[in-house]
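Asker: pasting a predicted model and its sequence here:
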Amino acid sequence: MTKNFLLAFLLTGFVMGLLLTWQFGTKVPVEGSFPSDQVSARDDLLKEFLNDQSYLQSRIVSLRKDKENKENSIELHTETANFELLEGLKASIGLTEVTGGGLEILLDDNPLSTRDGSELSDLGLVQASDVRDIVNILNASSAEAISVNNQRVVAVSPISSVGTTILVNNSHIAPPFVITAIGDSEVMLQRLLDQNLLPNVYKRRLESKIIFEITKKNRLTVSVYNGDLKTSYLNLVE
């Protein structure tokens, strides 16, 4: 038993000696080495970020230049192929101001008539039908642009009345009524002077003394249509 105890004691001492030898032989980390590693890693991340940022900035510049080139190409193509067509379409539906020679037509009530409390049947008052008849003749004479008291008249423009109030594009207009028409003044004048085309106007000018005068003008301006455009039957063409 004494021998076994001696062996156990010697074995324990040997193991403890090995542990102490290993502990003293291990290198202790130098103070501050971990923060140094963190700084190095941070610098590497910052460098990588700056490199990525520089690349993305150069990519943005390149894409902007490509965008400008594409836009210039589209504008050039549009100007050469479609600009005149687009302007023609805008003019045909009244979305451009038109200036040129033509006629100015004055329609006014009999100076002794009044619209306050008057009946629509008063022959001394200009009727909505009178304005419509003149506008229709001007359209048939290929007028480029027409307006009534600065209200541009287009294909969808209603000319109507509520009582003695005349409406153009659903906007109230008051006498005197000035109808401006740009186009071939000779053709338009010839048709307006044809009493067979405007029998009621000429009859009431003679009998009821309404005012109907036509003047040729070398320079007139018809403003842009400012009413609603009905798009119920328009479809997008791919």
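Answerer: Structure's in. What do you need?
Asker: skip the chain neighbours and tell me the closest residue to residue 224.
Answerer: Spatial nearest neighbour of residue 224, excluding adjacent residues (CB to CB, 6 or more residues apart in numbering): residue 97 at 5.4 Å. C-beta coordinates here come from the backbone N, C-alpha and C atoms, glycine included.
Asker: could you do residue 149 as well?
Answerer: residue 173 (4.3 Å).
Asker: got a list of what the one you found touches?
Answerer: Residue 173 makes contact with 148-149, 151, 166-167, according to CB atoms under 8 Å, 6 or more residues apart in numbering.
Asker: from the residues you listed, pick the one nearest residue 85.
Answerer: Closest to residue 85 out of those is residue 151 (27.1 Å), distances taken as CB to CB.
Asker: hang on, that closest one packs against residue 169?
Answerer: Yes - using CB atoms under 8 Å, residue 151 is in contact with residue 169, at 5.2 Å.
Asker: who touches both of the two?
Answerer: 157, 226-227.
Asker: if we can go back for a sec, which of the contacts of residue 173 fall in strands?
Answerer: 148, 151, 166-167 (DSSP state E).
Asker: which parts of this structure are helices?
Answerer: For the chain, helices defined by DSSP state H occupy the ranges 2-25, 33-81, 83-92, 128-140, 185-192, 199-207.
Asker: return the list of helices and strands in contact with the last one.
Answerer: The one in question is helix 199-207. Counting contacts by 3 or more CB pairs under 8 Å, 6 or more residues apart in numbering; DSSP states H and E, helix 199-207 is packed against helix 128-140, strand 211-222.
Asker: hmm, try it at 7 Å
Answerer: Here helix 199-207 touches helix 128-140, going by 3 or more CB pairs under 7 Å, 6 or more residues apart in numbering; DSSP states H and E.
Asker: what angle separates the helix it packs on from helix 185-192?
Answerer: Calculated by axes from the mean of the first three to the mean of the last three CA atoms, to 10 degrees, helix 128-140 forms an angle of 140 degrees with helix 185-192.
Asker: how's this protein carved up into domains?
Answerer: 36-81, 96-222 (automatic domain parsing).
Asker: give me the neighbour count for the closest residue to residue 131 other than its chain neighbours.
Answerer: Nearest residue to residue 131, sequence neighbours excluded (CB to CB, 6+ apart): residue 159, at 5.4 Å. Residue 159 has 21 neighbours, counted by other CB atoms under 10 Å.
Asker: for residue 159, list each beta-bridge partner.
Answerer: For residue 159, the beta-bridge partners are residue 168 (DSSP bridges).
Asker: circling back to that earlier point, only whichever of the shared contacts of residue 151 and residue 169 are buried, select them in ChimeraX.
Answerer: Buried residues within those, by 16 or more other CB atoms under 10 Å, are selected in ChimeraX with:
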select :157,227
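Asker: which residues touch residue 131?
Answerer: Going by CB atoms under 7 Å, 6 or more residues apart in numbering, residue 131 touches 107, 148, 159, 166, 177.
Asker: hmm, try it at 8 Å
Answerer: 107, 148, 159, 166, 168, 177, 179.
Asker: could you check the pLDDT of residue 97?
Answerer: Per-residue pLDDT puts residue 97 at 86.
Asker: dihedrals phi and psi, it?
Answerer: Note on residue 97: its backbone torsions stand at phi -70, psi 140 [degrees, to the nearest 10].
Asker: count of residues packed around it?
Answerer: 13.
Asker: hang on, isn't it packed against residue 225?
Answerer: No - the pair residue 97 / residue 225 is not scored as a contact, 9.9 Å apart, by CB under 8 Å.
Asker: residues near residue 186, how many?
Answerer: That count, for residue 186 with other CB under 10 Å as the rule, works out to 11.
Asker: and it, how close does it get to residue 157?
Answerer: Here residue 186 is placed at a distance of 25 Å from residue 157 (CB to CB, to the nearest Å).
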